[in-house]
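Engineer: Generate a structure from the sequence data that follows.
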Amino acid sequence: MFPWLLLALSVFAHPGTGVSPAVPPRHMDSLLDILDALESPARGGSPGTAVALGRGLGVCSTPGCRAVLGEPPGTPERPPVVTPGQWQLLTELLRHDPATPELGAVLAPDGSTVALGPLLAGIEVGLRSGGVGQPLPTLDPPADPLLAVTIAEALGTSFLLARGADNNATALGPDGCWDDVENPQNYTLRGPPSPVPDPVAIGAMDGVILGARLAREPLPVAELLRGYYRTGNGSETWRPPSSYRRRDFGALVGRERLEKEVAAVLGLLRTLLPIPELLRDVGTQEVATVARWAAREFSERYVGLRGHLHPIVPAECPAIVPRCLWGARPYRGTPSPLRPPLGSVFLHHTLEPARPCRTFGACARAMRDMQRFHQDTRGWDDIGYSFVVGSDGYLYEGRGWHWVGAHTKGYNTRGFGVGIVGDFTATLPDPDTLALVRDQLLPCAVRSGHVRPDFTLRGHRQLGHTDCPGNALFQEIQSWPGFQGTPVAPGLG
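Structural biologist: Okay, the predicted model is just below:
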């Protein structure tokens, strides 16, 4: 357990007993339970109740956010409708610490980790823009309030810090892993931290998308979040809207607009007294340079490129769910390293499970089942595929970019094996899943140096006695860039 959590538990223990209240897991469901209680009309709640409470607990504590939303109210007391355990969780999540922004994050049903600070700040801007609560101030110099409180200030600050640091400094990322996806309590980053780790970037994109929606149509925050993340309905009929956050954020905020707003919020910060330390002796030209750099890097990493000469194109690389998040067992033995760039990508279907997985929970279970089968029944060291593609919008890390797989006998050292969850003998994956592989994964593999630009794409059946990747999918990939080779007659495997 982390030292900060031990401290929090000691502070919030029941007086006189030394026993801590039962703290719910750091999951979106837990937050929604709290919001339901706070927003219940029968209990005197409203859509603005939760937002005001969040502000009092520290959601908006940076200079730029305060300039937009105003000074926070006094520290609130626990509302009677919230249990002591829920109050402890809420207080821990919303207490802002610039050094560890990832601590204020929850695990969402789509498998993403969402920082609540930028999410709730964007929601407050949306509600106030839609007429709920006090009107927003007019900013001078002008800046978009929604972008200022979600991503623009965070990006500007992060890249200002990175510009004067050593070459190993990072201004974005990394991602991380939860200790237990069924009962998430602790989240650990997988590399050197930045002011904008992945949960902050995700929370910011969600805050922009949902804030823009609330500006058009105010509604209860719990209802908004439940529909966006599809919490608790158990449906696998379609992907949750949150899985399209990169596309939807890119449609709302192009790279040029993001650059403009980062420069605008840095200009706003320079008018504050006292001037933030980071901006002292920073001229207008340097602000413009930092804004351009920040917008370019964020767009390429999380959104895709959009300029006046370019249409929207897919994100630099698709979102990858790491092994630790889907619950992988350890690798057995010692993995053999690959020697990139490799010349081939081999496409498979999993056959079992036969149905495409459309939620994080279903895809994570499929990954664990496949790994168990590959290790326990087939006797392999690990799940055989390099990556597995779900129909939930995510790529799942198998052996990954660095280790030899067990996917295409005789060719495992020559290429990456990509499996799509489902049986595609007679039907195709949905168009979005096909596009994830064709338009994002394959270009990403080339740009990142893992695959040669002149790579060949083949179906598994071309290299062995098997029907894989299914007749329908095999016919589809013959029109994809990189496909090569005369189809081999399928066998019986």
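Engineer: as a whole number, average confidence for the longest helix seen in the chain?
Structural biologist: Taking DSSP state H as the criterion, the chain has its longest helix at helix 198-216. Mean pLDDT, computed over helix 198-216, is 97.
Engineer: Which strands or helices does that helix pack on?
Structural biologist: Helix 198-216 sits against strand 113-115, helix 116-129, helix 145-147, helix 221-229, helix 245-252, with contacts defined as 3 or more Cβ pairs under 8 Å, 6 or more residues apart in numbering; DSSP states H and E. Where C-beta positions appear, they are placed from N, C-alpha and C, glycine not excepted.
Engineer: What residues sit buried inside that helix?
Structural biologist: 198-215 (16 or more other Cβ atoms under 10 Å).
Engineer: ditto for stretch 264-277
Structural biologist: In stretch 264-277, counting by 16+ other Cβ under 10 Å, buried: 264, 265, 266, 267, 268, 269, 270, 276.
Engineer: Hmm, residue 290 and the fourth one touching each other?
Structural biologist: No: when contacts are counted by Cβ atoms under 8 Å, residue 267 is not listed as touching residue 290 (11.5 Å).
Engineer: How are the strands of this structure distributed by residue range?
Structural biologist: For the chain, applying DSSP state E gives strands covering 105-107, 113-115, 176-178, 187-189, 320-321, 342-349, 387-389, 395-397, 415-420, 451-459.
Engineer: Which among these is found nearest to residue 33?
Structural biologist: Closest approach to residue 33 among these is made by strand 105-107 (11.8 Å; Cβ to Cβ).
Engineer: mind giving me the domain split of this structure?
Structural biologist: What automatic domain parsing lists as the domains of the chain is 3-303, 322-477.
Engineer: Test for you: state the pLDDT assigned to residue 170.
Structural biologist: At residue 170, pLDDT is 82.
Engineer: go on, the one 4 residues further on?
Structural biologist: As predicted, residue 174 sits at a pLDDT of 93.
Engineer: State the distance from it to residue 440.
Structural biologist: Plainly put, residue 174 is 20 Å away from residue 440 if you go by Cβ to Cβ, to the nearest Å.
Engineer: same thing with residue 37?
Structural biologist: 40 Å.
Engineer: and if you look at residue 448?
Structural biologist: 12 Å.
Engineer: Quick check: neighbours shared by these two?
Structural biologist: residue 317 (Cβ atoms under 8 Å, 6 or more residues apart in numbering).
Engineer: Please identify which of these two sits among more neighbours.
Structural biologist: Between residue 448 and residue 440, residue 440 has the larger neighbour count (other Cβ atoms under 10 Å), namely 20 against 13.
Engineer: I'd guessed the more buried one sits against residue 320; true?
Structural biologist: No: with contact defined as Cβ under 8 Å, residue 440 does not reach residue 320; the gap is 10.6 Å.
Engineer: Residue 327: neighbouring residues, count only.
Structural biologist: The tally of other residues near residue 327 (other Cβ under 10 Å) stands at 15.
Engineer: cool, residue 376 as well?
Structural biologist: Applying other Cβ under 10 Å, I find that residue 376 has 10 neighbouring residues.
Engineer: Next: the one 4 residues further on.
Structural biologist: A total of 17 residues lie near residue 380 under the criterion other Cβ under 10 Å.
Engineer: can you pull the contacts of it?
Structural biologist: Counted by Cβ under 8 Å, 6+ apart, residue 380 has contacts 374, 406.
Engineer: how much space is there between it and residue 419?
Structural biologist: Taking Cβ to Cβ as the measure, residue 380 falls 14 Å from residue 419.
Engineer: Over to residue 383?
Structural biologist: Residue 383 sits 9 Å away from residue 419, going by Cβ to Cβ.
Engineer: what do you get for residue 60?
Structural biologist: From residue 60 to residue 419 the distance is 44 Å (Cβ to Cβ).
Engineer: Also residue 299?
Structural biologist: Here residue 299 is placed at a distance of 30 Å from residue 419 (Cβ to Cβ).
Engineer: And these two? Which one has more around it.
Structural biologist: residue 419 (26 against 23).
Engineer: Can you check the pLDDT for that one?
Structural biologist: pLDDT, read off for residue 419, is 98.
Engineer: Looks like it contacts residue 350 (just checking).
Structural biologist: Yes: Residue 419 is in contact with residue 350 according to Cβ under 8 Å; the separation is 5.1 Å.
Engineer: which residues do those two both contact?
Structural biologist: When Cβ under 8 Å, 6+ apart defines a contact, the residues bordering residue 419 and residue 350 alike are residue 388.
Engineer: returning to that earlier point: for the domains of the chain, which has the smallest mean pLDDT value?
Structural biologist: domain 3-303 - the lowest mean pLDDT of the domains of the chain, at a mean of 87.
Engineer: Distance from that domain to the middle of the chain?
Structural biologist: Offset of domain 3-303 from its chain centre (Cα atoms, centre = their mean, to the nearest Å): 13 Å.
Engineer: Kindly report the same for stretch 385-393.
Structural biologist: That offset, for stretch 385-393, works out to 15 Å (Cα atoms, centre = their mean).
Engineer: Give me the distance between the two termini of it.
Structural biologist: Its start and end residues considered, stretch 385-393 measures 18 Å (Cα to Cα, to the nearest Å).
Engineer: likewise stretch 326-340?
Structural biologist: Note: stretch 326-340 ends 26 Å apart using Cα to Cα.
Engineer: What residues sit buried inside it?
Structural biologist: Applying 16+ other Cβ under 10 Å to stretch 326-340 flags 326, 328, 338 as buried.
Engineer: Do I have it right that the last one meets residue 415?
Structural biologist: What it means is residue 338. No: between residue 338 and residue 415 there is no contact under Cβ under 8 Å: 9.2 Å.
Engineer: wait, residue 411 sits on residue 346?
Structural biologist: Yes: contact criterion Cβ under 8 Å: residue 411 and residue 346 qualify, at 6.6 Å.
Engineer: what is in contact with those two at once?
Structural biologist: Joint contacts of residue 411 and residue 346 (Cβ under 8 Å, 6+ apart) are residue 463.
Engineer: between those two, which one's more packed in?
Structural biologist: Neighbours per residue (other Cβ under 10 Å) separate residue 411 from residue 346, with residue 346 holding more: 27 against 17.
Engineer: Mind listing the residues bridging to that one?
Structural biologist: Note on residue 346: beta-bridge partners by DSSP bridges are residue 417, residue 458.
Engineer: Let me have the helices and strands packed on helix 198-216 in a markdown table, extended by distance to residue 468 and mean neighbour count.
Structural biologist: Below are those laid out as a markdown table (distance: least, Cβ to Cβ, whole Å; neighbours: other Cβ atoms under 10 Å):
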| stretch | distance to residue 468 | mean neighbour count |
| --- | --- | --- |
| strand 113-115 | 33 | 26 |
| helix 116-129 | 41 | 27 |
| helix 145-147 | 46 | 27 |
| helix 221-229 | 34 | 21 |
| helix 245-252 | 30 | 20 |
